[in-house]
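*Asks:* here is a sequence with its predicted model. Questions after.
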Amino acid sequence: MNSQIFIMTIEYSVDIFLWIFETFLGAIHVLMIFFLITKRRKKVQIYRSPFYAIFIWISIFDLVYVVNNDIGAKMAKYPALMPFFLSETYYPTAFYFISAYSSAFEISGHTILSINRYWVIKNAKINQVCWSKKVTWVFYSLMFIFPIPTTVYRLFTPAQYHYNNGIPSITYVDPIVSQIVSYANMSYYTVNVIPSLFATVCSFINYQHLKKLQYEVTANEKHELKLIIHTSLMFLLLAARYIYQIALLIATYTKSTSVTTVAQFFFPIIASSYSLFGSSMLLIISKQVRYDFFNFYRRKSENFQDISHATEEMAEPVQLANAGCTLFLIFLLIVNIILAGLAIDFSSWTKDKMKIVGPLYRISPMGSG
């Protein structure tokens, strides 16, 4: 009984940490999306880059993944809410498909951003730093279409939900399907990791070459070149997710529950970072974005000028953005409080309850076999 209480304490502690982590980064993410959309709508030059057009779409699916995963995983994880996932409805399958598709969209989107950075740096000397609209729309299409073959089967794949030492997980009813899904996930990650790695390495090589030439660039070009830091850091987070998939595949062959448990314990933090850290990263690496962002939301910063007297033209979009951010925070807070309250039932945390199974949900966005 003491061990079960300890496991529950650790699990709730992780949930609280993740909630604070996701709420803080999620708020910045919502504000950044509205900020970038407004800047592009007003055709501000620095934000007309295809990088930001693609980043906006990725950010929207980031939020879809986090909110969907936050609700679904907690509802499936807490025994008090388990009947919802034992019922014969389409909700669990829909939750899982949305999570898988939005995660696959994130991965393919960041891969395209890596390729975009390679293109920008490679052609910096001949002033071809932007893709044409036609090329951009081709990549838009790839972002939406490419995840479908690797996720649509989840709508028709029955799975069982269970716990591994208090950590939510799934296993597919058919072991053959489980192996196929593992290979599909690994293939999808590999297809994205390889070009991302190639583009990132080549971008840094070309960037160092430009520095040796002492190539003079404009402010916009300098900003474009600096965004390679963003795609590089996102690649490192993608690599961490790739290692997670490798660990699960190894655990499948070795039948090691300890490897699976450790991997699934750290995965929620890695997944949330990959989904929500992109906006914060833009603020960190770009002085221009920081200035415009704080200026847009009428915030004071010791490094930026006081703009408390914003124009009436800016008042309406600022109020809408603040309202949207507030609603998002309230929504996450209410969901977590309700779910946590329903779950605080110590008598339900028995050994038998820890083995409960039902239709699927788990926190892995791409799923795991």
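*Replies:* On my side now, so go ahead. Residues are numbered from 1 along each chain as shown.

*Asks:* any idea how far the closest residue to residue 190 other than its chain neighbours is from residue 54?
*Replies:* Nearest in space to residue 190, with sequence neighbours left out and distances taken as CB to CB, 6 or more residues apart in numbering, is residue 242 at 7.7 Å. C-betas here are computed from N, CA, C, even on glycine. Using CB to CB, to the nearest Å, residue 242 is found at 21 Å from residue 54.

*Asks:* and the helix or strand hosting the residue nearest to residue 190, which residues are buried?
*Replies:* Element membership for residue 242 (DSSP states H and E) is helix 228-254. Neighbour-count burial for helix 228-254, counted by 16 or more other CB atoms under 10 Å, picks out 228-235, 237-238, 240-242, 244-245, 247-249, 251-252.

*Asks:* now do the helix or strand following it: which elements does it pack against?
*Replies:* Proceeding N to C from helix 228-254, the next assigned helix or strand is helix 257-285, under DSSP H and E. Counting contacts by 3 or more CB pairs under 8 Å, 6 or more residues apart in numbering; DSSP states H and E, helix 257-285 packs against helix 2-41, helix 50-77, helix 91-122, strand 159-164, strand 167-172, helix 228-254, helix 287-296.

*Asks:* which other helices and strands does the third one contact?
*Replies:* So that's helix 91-122. Using 3+ CB pairs under 8 Å, 6+ apart: helix 91-122 touches helix 50-77, helix 133-145, helix 148-151, helix 175-213, helix 219-226, helix 228-254, helix 257-285.

*Asks:* what do you get if the cut-off is 6 Å, keeping everything else the same?
*Replies:* Helix 91-122 is packed against helix 50-77, helix 133-145, helix 148-151, helix 175-213, helix 228-254, with contacts defined by 3 or more CB pairs under 6 Å, 6 or more residues apart in numbering; DSSP states H and E.

*Asks:* list the buried residues in it.
*Replies:* Of the residues in helix 91-122, those buried (16+ other CB under 10 Å) are 92-93, 95-122.

*Asks:* returning to that earlier point: quick one: which of the helices and strands packed on helix 257-285 is nearest residue 133?
*Replies:* The closest of the helices and strands packed on helix 257-285 to residue 133 is helix 50-77. By CB to CB, the value is 8.7 Å.

*Asks:* just want the angle from that closest one to helix 257-285.
*Replies:* Using axes from the mean of the first three to the mean of the last three CA atoms, to 10 degrees, one finds that helix 50-77 and helix 257-285 are set 140 degrees apart in direction.

*Asks:* what packs against helix 50-77?
*Replies:* helix 2-41, helix 91-122, helix 257-285.

*Asks:* give me the angle between the second one and helix 50-77.
*Replies:* For helix 91-122 against helix 50-77, the angle between stretch directions is 160 degrees (the same axes, to 10 degrees).

*Asks:* quick one: helix 91-122 to helix 228-254, angle?
*Replies:* Going by the same axes, to 10 degrees, helix 91-122 makes 130 degrees with helix 228-254.

*Asks:* of the helices and strands packed on helix 50-77, which is nearest residue 67?
*Replies:* helix 2-41 (8.2 Å).

*Asks:* mean confidence for the closest one?
*Replies:* Average pLDDT, helix 2-41: 78.

*Asks:* before we move on, what about stretch 222-231?
*Replies:* In this model, stretch 222-231 has a mean pLDDT of 85.
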